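# The sequence isn't on hand, but the structure is:
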């Protein structure tokens with residue numbers, strides 16, 4: 001199936017956003033293991049176990065619960081129609097938001113390493129965000145099977 005360049009760019013941007021967010025998260029976890037006080041078990045619990053649960057639920061609920069799925073699918077379609085992921089400015093905005101979230105995680109880890117509050121919440125929040133981004137990327141593929149959407153995104157001879 002051949003799609004318009006706009007749809008292909010949008011779909012690619014959704015996938016890349018999930019990949020970049022996941023890489024940022026992995027880097028922050030490695031940084032946390034190097035800097036945070038406490039044993040490996042505590043750091044793993046706060047950066048992997050609980051955030052993993054948040055990621056799972058934020059991915060599964062929008063895909064499994066009808067009203068959430070419909071709402072997020074509508075949001076994904078509106079994002080495409082608004083041009084997200086299709087222009088340089090929208091790509092730079094998305095990258096800027098991911099970079100800002102990454103800096104916040106690193107700042108939280110640095111604060112905890114200096115005796116501040118342990119940054120468990122920031123890891124869970126970021127993981128939940130990755131789950132929602134992954135749900136959006138999955139729903140892009142669902143949209144391709146909606147007849148009205150398919151007519152709008154398919155290349156015509």
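That came in fine, so what should we check first? Keep in mind the model is a prediction, meaning the values are calculated, not measured. Numbers count the residues shown, from 1 in each chain.

# Could I get the full set of strands for this structure?
Ranges of strands within the chain: none, based on DSSP state E.

# can you give me the helices for it?
Counting by DSSP state H, the chain has helices at residues 5-35, 40-44, 50-64, 66-82, 88-113, 120-143, 147-153.

# out of those helices, deepest packed?
Between those, helix 120-143 has the highest mean count of neighbours, a mean of 20, where neighbours are mean count of other C-beta atoms under 10 Å. Any C-beta I mention is one placed from the backbone N, CA and C, and that applies to glycine too.

# tell me the angle it makes with helix 50-64.
Note on geometry: by axes from the mean of the first three to the mean of the last three C-alpha atoms, to 10 degrees, helix 120-143 and helix 50-64 are set 30 degrees apart in direction.

# want to throw the helices of the chain into TSV with mean pLDDT?
Shown next, in TSV, are the helices of the chain (pLDDT from 0 to 100):
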stretch	mean pLDDT
helix 5-35	93
helix 40-44	95
helix 50-64	97
helix 66-82	95
helix 88-113	88
helix 120-143	95
helix 147-153	94
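
# Just the residues contacting stretch 44-59, thanks.
28-29, 32-33, 36, 118-120, 123-132, 134-135 (C-beta atoms under 8 Å, 6 or more residues apart in numbering).
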